[in-house]
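>>> just a sequence and a predicted model for now, questions to come.
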Amino acid sequence: MLHINNLKVELEEEKKAILNGVNLNIKAGEVHAIMGPNGSGKSTLSYVLSGKEGYSVTDGTVSLEGQDILSLESYERAALGVFLAFQYPVEIPGVGNMTFLRTALNSQKKSKGEKELSSADFLKLVRAKAKDLKIDAEMLKRPVNVGFSGGEKKRNEILQMAMLEPKMCILDETDSGLDVDAMRLVSEGVNALRSKERSFLVITHYQRLLDHIVPDFVHIMADGRIIKTGNAELALEVENNGYSELLAEYN
Amino acid sequence: MAKDDVTNNKITSFALPEESNWALDVRSKALEWIDQNGLPNGREEYWKYTNPNSFNSTRKPVKNEIDPSDTKPIFNDIDCIKLVFIDGLLNIDQSDGLINAGLEIEPITEANGNENHWSKHCFGAIEEASQKVVSKTLASLNTAFAVQGLTIRITDKVSKPISIVYYHTDEISEALIHHVVKIEKNAEATILESGGISSRSNCVMELLLEENATLNHIRVQGRSHEREAITYIFSDLERCSSLRSFTLTVNGKLTRNEYIVNIKGEDAKAHVGGAIVGDKGFAHDDTVFITHGAPNCESRQVFKKVLKNGAKGVFQGKILVKEGAQKTNGYQISQGLMLDDDSNFLAKPELEIYADDVICSHGSTCGEIDPTALFYLTSRGISKTEAQDMLVLAFLNEAIDEIISEEIKLIISKRLTDWMVKRHTS
């Protein structure tokens, strides 16, 4: 599904290197988790994959199902199936959540050459998906993320994911700011979307999210590289011992 | 040219209409006021950011290329009482009947010919009283010489909106229009104005809202790129009355919209707002002066301007709270959204308060499209142009939301969206 080969990235303005040769291969249906200390480049990786401006790729390639995506704009990558669940979902006053969801869904349908959804069909779909995530109608009517609690914002991210049905889902610290119940709800939402055709890259600081969303692989990132790969056990190891041993080993 | 020469040239280019009664007295007085004060010039504080010269000038207006959307009135699909002006002249044939239940409409010259007409207490009077603090001699010029316009008297709750439609067909045309509106006690009306009046225009609207009267005023100005317009809304608000006025301005070379609101009775409300989109040689100025002269009143000013390619947006807004006007609630916000580095947004918010138990706030911001919001939208598959349009519309929506009617709000948002889409495809 997703091939990242020797990806090197620096901040466009400061010319500061953030990613120093990331290699990652995610097959269809797999769930990969990335853990790592603050400043190791985890969020940057998620932004670069989804096409945020402000970064320049100095080396390496990224392909989704064999197609190079680094040359594509953010919205084109979305249409191919890349989805980023934001660590801090953005509040957009003046744009209704429903309008946003519908425009996004129909934009993607249009670029895939599919028929756009009618208002009635869209409403039916969004209501059903929202119900699963315990998102009430009132929340759908409000402007995008405005006045949403931390948990509501994250649930809204998962709702978008459920509506857009992406192939490659990147979750950037989706557990941050969530209480235990909200984390369970969000995780259930994610797990419901797991399938043989869909892959996940879960970025997290804490092992506890991985109790709910069990990964096939766990990678440890430090200094802009993946320094160790293992299974779910590796996350437990980090939880118990911290990163220092791993970092010492790497250095 | 010396200031007096400019003034003299301008006023001698007109003739006082042949009326021989109270109206002529009003007009002569207005002319005297111009004589004493002269037409405005760029050195005055009140005209610091906008050059008034073309409004003072006697040269013919610049030839306008008529914008096709000016020929399709925006409010056509609403069931309303329609009044049509073509190049600044009232066209009775295309207008609906002037007498309807709960309202009386007459051409201004007819009203002025009537010795006992109700507008006697309003025509030129509300305007004149509003000139004591800052002289507005371009409005006096209008009062002295305008022979086009309507007197509208609302005596009851009128459910159908009154829609004044301006068609601009003559590429070199100039217009002076003067409307006088009185909403009587407990009466209620919606007045819509839409379209390009003429290549250059000077419009005055005098409003009197009696006790418990309500007026919703929504205006969409013409889109011709070369159009020059100055407008004044002078309004007196009596006890418990409510005025809401919203203006959408897109394009135009030069627009100055002035709002002068005098709150005279307790528990009255005044909301004025505008959504403005400007490109290239566009200069647009909103100048608002709200006087709170009675306690327990509320005023709101919400102006949002989207500017690009060197367009200029100006906002001058003042709230004056007089002594004794306790429990005043005054709010003012003006915001500029710059789509590039070449545009200008100039704002001068002012508060002058002589009462000690009031809430007054003002804010003014100027910024660009939030790149994080743009990324959020595009990361969901929305193209960059469409995402940018969504954010522009969202920015303007805060001003459009000041309109009460959902139907009109939708019409305005839709027209803006259509224009934006058209811009990308043309």
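Happy to help now that I have it.
>>> use CA for all of it now, contacts and neighbours both
Will do.
>>> report the contact partners of residue 89.
All of this refers to chain A. Neighbouring residues of A:P89 by CA atoms under 8 Å, 6 or more residues apart in numbering or on different chains: A:N145, A:K153, A:K154, A:E157, B:Y376.
>>> my bad, chain B
Contacts of B:L89 (CA under 8 Å, 6+ apart): B:Q148, B:A175.
>>> contact residues of chain A facing chain B?
Contact residues, chain A versus chain B (CA under 8 Å from any CA of the partner chain): A:50-53, A:74-79, A:83-84, A:89-95, A:100, A:103-105, A:107-108.
>>> inside helices: which ones of these?
Members of those lying in helices (criterion: DSSP state H): A:50, A:74-79, A:100, A:103-105, A:107-108.
>>> list the buried ones in stretch B:29-49?
B:K29, B:A30, B:L31, B:W33, B:I34, B:G38, B:L39, B:P40, B:N41, B:Y49 (16 or more other CA atoms under 10 Å in any protein chain shown).
>>> make CSV from those residues and add pLDDT and secondary structure to it.
Below are those laid out as CSV (pLDDT from 0 to 100; DSSP: H, G, I helix; E, B strand; the rest coil):
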residue, pLDDT, secondary structure
B:K29, 95, helix
B:A30, 95, helix
B:L31, 94, helix
B:W33, 94, helix
B:I34, 94, helix
B:G38, 92, coil
B:L39, 93, coil
B:P40, 93, coil
B:N41, 89, coil
B:Y49, 94, coil
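>>> contacting residues around A:N231?
Neighbouring residues of A:N231 by CA under 8 Å, 6+ apart: A:P215, A:D216, A:F217, A:V218.
>>> try B:S379
Taking CA under 8 Å, 6+ apart, one finds A:S50, A:G51, A:S74, A:Y75, A:R77, A:A78, A:F83, A:L84 in contact with B:S379.
>>> flag every residue of chain B that's near chain A.
Within chain B, the positions lying close to chain A (CA under 8 Å from any CA) are B:372-373, B:375-384, B:390-391, B:393-395, B:397-398.
>>> one more time with 7 Å
The interface of chain B toward chain A, taken as CA under 7 Å from any CA of the partner chain, is made up of B:373, B:375-376, B:378-383, B:394-395, B:397-398.
>>> so can I have JSON lines of those showing pLDDT?
Formatted as JSON lines, the residues of chain B next to chain A follow (pLDDT from 0 to 100):
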{"residue": "B:A373", "pLDDT": "96"}
{"residue": "B:F375", "pLDDT": "96"}
{"residue": "B:Y376", "pLDDT": "97"}
{"residue": "B:T378", "pLDDT": "96"}
{"residue": "B:S379", "pLDDT": "96"}
{"residue": "B:R380", "pLDDT": "96"}
{"residue": "B:G381", "pLDDT": "95"}
{"residue": "B:I382", "pLDDT": "95"}
{"residue": "B:S383", "pLDDT": "93"}
{"residue": "B:A394", "pLDDT": "93"}
{"residue": "B:F395", "pLDDT": "94"}
{"residue": "B:N397", "pLDDT": "91"}
{"residue": "B:E398", "pLDDT": "90"}
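>>> need the residues you listed in a markdown table with secondary structure, can you?
Listed next are these as a markdown table, based on DSSP: H, G, I helix; E, B strand; the rest coil:
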| residue | secondary structure |
| --- | --- |
| B:A373 | helix |
| B:F375 | helix |
| B:Y376 | helix |
| B:T378 | helix |
| B:S379 | coil |
| B:R380 | coil |
| B:G381 | coil |
| B:I382 | coil |
| B:S383 | coil |
| B:A394 | helix |
| B:F395 | helix |
| B:N397 | helix |
| B:E398 | helix |
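>>> would you list the buried entries among these?
Of the residues of chain B next to chain A, these count as buried by 16+ other CA under 10 Å: B:373, B:375-376, B:378-383, B:394-395, B:397-398.
>>> a markdown table for those residues, including distance to B:D79?
Output for those, formatted as a markdown table (distance: CA to CA, whole Å):
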| residue | distance to B:D79 |
| --- | --- |
| B:A373 | 39 |
| B:F375 | 42 |
| B:Y376 | 40 |
| B:T378 | 39 |
| B:S379 | 42 |
| B:R380 | 40 |
| B:G381 | 39 |
| B:I382 | 36 |
| B:S383 | 37 |
| B:A394 | 28 |
| B:F395 | 29 |
| B:N397 | 24 |
| B:E398 | 26 |
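>>> and which of the buried residues of stretch B:29-49 is nearest chain A?
For these, the closest approach to chain A (CA to the nearest CA) belongs to B:Y49, at 29.7 Å.
>>> ok, which stretches of the stretch 51-200 of chain A are helices?
Using DSSP state H, counting those that start in this stretch, the helices of the stretch 51-200 of chain A run over A:74-80, A:97-111, A:119-132, A:137-141, A:150-164, A:180-193.
>>> and the shortest one, what's buried?
So the one you mean is helix A:137-141. Across helix A:137-141, burial judged by 16+ other CA under 10 Å covers A:M139, A:L140.
>>> do the second one as well
Burial within helix A:97-111, assessed by neighbour count using 16+ other CA under 10 Å, is assigned to A:97-98, A:100-109, A:111.
>>> distance between it and the chain's centre?
19 Å (CA atoms, centre = their mean, to the nearest Å).
>>> okay but A:G151 is in contact with A:V180, surely?
No: counting by CA atoms under 7 Å, A:G151 does not reach A:V180; the two are 10.2 Å apart.
>>> between these two, which one's more packed in?
Taking other CA atoms under 10 Å in any protein chain shown, A:G151 and A:V180 do not tie; A:G151 has more neighbours (20 against 11).
>>> show me where chain A has strands.
Ranges of strands in chain A, per DSSP state E, are A:2-11, A:17-26, A:31-35, A:55-64, A:67-68, A:82-85, A:92-96, A:143-144, A:168-172, A:199-203, A:217-222, A:225-230.
>>> which of those sits closest to B:T143?
Between B:T143 and those, the tightest spacing by CA to CA is seen for strand A:92-96, at 40.4 Å.
>>> can I get the CA coordinates of the closest one in PDB?
These are the backbone C-alpha positions of strand A:92-96, laid out as PDB (Å, rounded to 0.1, in the frame of the first residue of the first chain):
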ATOM      1  CA  ILE A  92     -13.200  26.800  11.000                       C
ATOM      2  CA  PRO A  93     -15.900  29.400  11.900                       C
ATOM      3  CA  GLY A  94     -18.400  30.100   9.200                       C
ATOM      4  CA  VAL A  95     -18.100  26.700   7.500                       C
ATOM      5  CA  GLY A  96     -20.800  24.300   8.600                       C
END
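>>> parallel or antiparallel, list what pairs with it.
Counting by DSSP bridges, the strands paired with strand A:92-96 are strand A:143-144 (antiparallel).
>>> who are the contact partners of the residue nearest the centre of chain A?
Central residue of chain A (CA atoms, centre = their mean): A:I170, 2.1 Å from the mean position. Each residue near A:I170 by CA atoms under 7 Å, 6 or more residues apart in numbering or on different chains is listed here: A:S46, A:F83, A:L84, A:A85, A:F200, A:L201, A:V202.
>>> now these: which count as buried?
Here, 16+ other CA under 10 Å leaves A:S46, A:F83, A:L84, A:A85, A:F200, A:L201, A:V202 buried among those.
>>> ok, the fifth one touching A:I34?
Same thing as A:F200. No: counting by CA under 7 Å, A:F200 does not reach A:I34; the two are 10.6 Å apart.
>>> and the helices in chain B?
B:3-12, B:22-37, B:53-56, B:108-112, B:125-129, B:137-145, B:371-378, B:384-400, B:406-425.
>>> now do the buried residues in the third one.
The neighbour-count criterion (16+ other CA under 10 Å) identifies B:F55, B:N56 as the buried residues of helix B:53-56.
>>> put the alpha carbons of it into CSV.
The C-alpha trace of helix B:53-56 is given here as CSV (Å, rounded to 0.1, in the frame of the first residue of the first chain):
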residue,chain,number,x,y,z
ASN,B,53,-12.3,64.5,-5.7
SER,B,54,-14.2,62.4,-8.2
PHE,B,55,-17.5,63.0,-6.3
ASN,B,56,-16.8,66.8,-6.4
